[in-house]
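1. need a structure here:
(chains A and B)
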Number of protein chains: 2
Amino acid sequence: MTHPRYTKLLDSLPPTVPFVGPEVIERTTGQPFSARLGANENTFGPSPKALEAMRQADTEIWKYPDSASHDLKSEIAAQNDVGYDNIVIGEGVDGLLGYLARMMVEQGDAVVTSDGAYPTFNYHVAGFGGVLHKVPFKDDHEDLDALIARAAEVDAKLLYLSNPDNPMGSYIPGDTIAAALDRLPTGCLMILDEAYIELAPQDARTPIATEDPRVIRMRSMSKAYGLAGARVGYALGAAPLIKNFDKIRNHFGMNRSAQHAALAALQDTEWLAHIQTQVQQARDHLTRIANDNGLTALPSATNFVTIDCGKDGAYAKAVLDNLAAQGIFVRMPGPAPLNRCIRVSCAQTAALDLFAAALPAALKAAQ
Amino acid sequence: MTHPRYTKLLDSLPPTVPFVGPEVIERTTGQPFSARLGANENTFGPSPKALEAMRQADTEIWKYPDSASHDLKSEIAAQNDVGYDNIVIGEGVDGLLGYLARMMVEQGDAVVTSDGAYPTFNYHVAGFGGVLHKVPFKDDHEDLDALIARAAEVDAKLLYLSNPDNPMGSYIPGDTIAAALDRLPTGCLMILDEAYIELAPQDARTPIATEDPRVIRMRSMSKAYGLAGARVGYALGAAPLIKNFDKIRNHFGMNRSAQHAALAALQDTEWLAHIQTQVQQARDHLTRIANDNGLTALPSATNFVTIDCGKDGAYAKAVLDNLAAQGIFVRMPGPAPLNRCIRVSCAQTAALDLFAAALPAALKAAQ
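-> Numbering: from 1, shown residues only, chains lettered A, B, ... in the order given. Prediction:
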């Protein structure tokens, strides 16, 4: 009998996974959640037109998907005033981040991100042997100047910035980011993760020239568009960079019905406006719940509200664990001092009422 | 302005793609195909129960998928008499082959496959810097003994074998493969691609002990189960090998509705029997069409029939091109002497009648 011979890199990787999903937690505890407020899903759901497009496409699910995602890319090009060749579609932003890491990161290459930012990006960088350099948040914002300074120090190939950011829900004005690009070190590509951009104030949008080779923007159909289960993300970037995804991506990796659903979702601007209103109301609701319990809700440019529990990470963890025991699924940031907070997704009033009902007991139990 | 710094490997890769999809061809020519017989899709479609499961799951498409694909894996475990930990689910077999190449292949590593076998596997191996060693088919079958001998010669880490095979549609008895495993060189993992296994005679199935570390089996939901657009594949292998996929895979990469559809499709054994009958009738129909035109249809253990056009590759290519001009999408094997053939997918009578009507003119035009 013979053991398969893995790469040295594979043998060196830990068996950890970036996220434990809510279904996995439910199976472990044997208790289903009554309120699913931890994954920043859009519980208001996608456009009815997207659902209808998906239903119609389902009848042709025996066909492989269009490997070029032509119709979807054409719509994205029109909406973002970029060329068809400036767009790549992937199996969620997660898939695209994995492809990009593969394209850029060799063993030992430096990558800069914020301490507490998206774990799945870190997972992909480590998975290709990259060395992560983490910059602390500053005043609950990603510290753009410090990120750029660190990128110069370590000669980073990639700099990850989410705007609006997860897990704190803050944002940096887009003009500030655009200006900062001029200070980005030569040879460093900025990944601007805009997964929540449709839910942010207008000034969060960063003006970027179509063929600017210094930055690639990531967009998600999982948040404002309510299609998390469909697994559709897209990236906008300079044509030569985008073209290189074709060298390595899973060309037939996209679900065919999801391609149709995403197209219809993008076209339904009325539903997007409806979602923006629902999310704003839910943010206000979550802020009131926090205040009613003597806690501070951080300003949110996303579909979640990060609530400062007012003490340390152990305390917030105890709050979170008690909420989970009561059937309320929320998450919390990893590193201090961000981990004084819990992160609660926007949702319908009924679900937020469940959270409101559970929170006082959770706070009491944590003390 | 700065150019992104790619890996040396990425810079060395060609801009080619493994397959040009039928939609891409249609857009290039400006002419839609009237018969889609080139991608070995299941035009009979999936189980109505799978469609219904998909429709029901669509209403919860705002949820991320279960990262563990728990319910789907449990069904596969039961059906294949293996453990839950012997299964990994991926974005089609294409996705799983990509993950496996990443796990095993370092720059310069040797990999053995058949000349004319699955191009997407070759694409992934090359994409990780592997060196492909191709063994010719023998009598229109993959040459198992020669593949093993070549693997020993070049110290291959991976040996790819499809059974039944694509593009010739032949198969090797499973007992022959099982016996050959004992001759596989130490340190070489066999990838046994069984994408068409449900459509093959019973003796094509290879008996493999659950924890045998020498082989990993790939299975597809795209062929017999008619879910090509859903993008679901699975692999069966020894638990330590399967566990290692978790170090690198896109944990939330599966479409949620597709997980539900695949589960329902696997459970509907009655529909599978129906498809097996339909495919057998279509094979017989395609064989008659070939004979009516003085051509030889190769025996098929798959949902396509490979038809020997009786001359060289240039002739078969001319036949294929003329069929395409008449709106009939088929494909053909790449290398000689396999490229004397065209490959036609099983389909409903109406589509096969279109092929039958177009073939005489195509043969005439090619002469």
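
2. List the contacts of A:Ser114.
-> With contacts defined as Cβ atoms under 8 Å, 6 or more residues apart in numbering or on different chains, A:Ser114 is in contact with A:134-137, A:142-143, A:147, A:160-162, A:165. From N, CA and C alone the C-beta is placed, and that goes for glycine too.

3. Name the residues of the stretch 151-300 of chain A found near chain B, please.
-> Counting by Cβ under 8 Å from any Cβ of the partner chain, the positions of the stretch 151-300 of chain A adjacent to chain B are A:157, A:184-189, A:212-214, A:222, A:226-231, A:241, A:243-244, A:246-248, A:250-258, A:261.

4. about what we covered before: most neighbours out of the contacts of A:Ser114, which is it?
-> In terms of neighbours by other Cβ atoms under 10 Å in any protein chain shown, those top out with A:Ser162 at 27 neighbours.

5. Might you report the residue contacts of it?
-> A:114, A:117-118, A:142, A:192-196.

6. Restricted to helices, list the contacts of A:Ser114.
-> Members of the contacts of A:Ser114 lying in helices (criterion: DSSP state H): A:Leu147.

7. Export the contacts of A:Ser114 as JSON lines, with columns for pLDDT.
-> Shown next, in JSON lines, are these (pLDDT from 0 to 100):
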{"residue": "A:Lys134", "pLDDT": "98"}
{"residue": "A:Val135", "pLDDT": "98"}
{"residue": "A:Pro136", "pLDDT": "98"}
{"residue": "A:Phe137", "pLDDT": "98"}
{"residue": "A:Glu142", "pLDDT": "98"}
{"residue": "A:Asp143", "pLDDT": "98"}
{"residue": "A:Leu147", "pLDDT": "98"}
{"residue": "A:Tyr160", "pLDDT": "98"}
{"residue": "A:Leu161", "pLDDT": "98"}
{"residue": "A:Ser162", "pLDDT": "98"}
{"residue": "A:Asp165", "pLDDT": "97"}
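
8. between the contacts of A:Ser114, which is closest to chain B?
-> Nearest to chain B among the contacts of A:Ser114: A:Tyr160, at 13.8 Å, using Cβ to the nearest Cβ.

9. what secondary structure does the closest residue to the closest one other than its chain neighbours sit in?
-> Among residues not flanking A:Tyr160 along the chain, A:Thr113 sits closest, at 4.1 Å (Cβ to Cβ, 6 or more residues apart in numbering or on different chains). The local conformation at A:Thr113, judged by DSSP: H, G, I helix; E, B strand; the rest coil, is strand.

10. cool, and A:Ile216?
-> strand.

11. and it, what is it in contact with?
-> A:100, A:189-192, A:235-238, A:241.

12. how about 10 Å then?
-> A:86, A:88, A:96, A:100, A:158, A:189-193, A:208, A:235-238, A:241-242, A:245, B:4 (Cβ atoms under 10 Å, 6 or more residues apart in numbering or on different chains).

13. Just the buried residues of these.
-> Those of those that meet the buried threshold are A:86, A:88, A:96, A:100, A:158, A:189-193, A:208, A:235-238, A:241-242, A:245, B:4, by 16 or more other Cβ atoms under 10 Å in any protein chain shown.

14. Among those, name the ones in strands.
-> When those are checked against strands (DSSP state E), the matches are A:88, A:158, A:189-193, A:235-236.

15. Next one: A:Asp139 relative to chain B, how far apart?
-> In this view, A:Asp139 and chain B are 30 Å apart by Cβ to the nearest Cβ, to the nearest Å.

16. can you count the residues close to that residue?
-> 7.

17. was I right about it contacting A:Ser170?
-> Yes: shown here, A:Asp139 and A:Ser170 form a contact pair, counting by Cβ atoms under 10 Å, at 8.5 Å.

18. Of the residues of the stretch 151-300 of chain A next to chain B, select the buried ones using a PyMOL command.
-> Buried residues among these (16+ other Cβ under 10 Å), as a PyMOL selection:
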select buried, chain A and resi 157+184+185+188+189+212+213+214+222+226+227+228+229+230+231+241+244+247+248+250+251+252+253+254+255+256+257+258+261
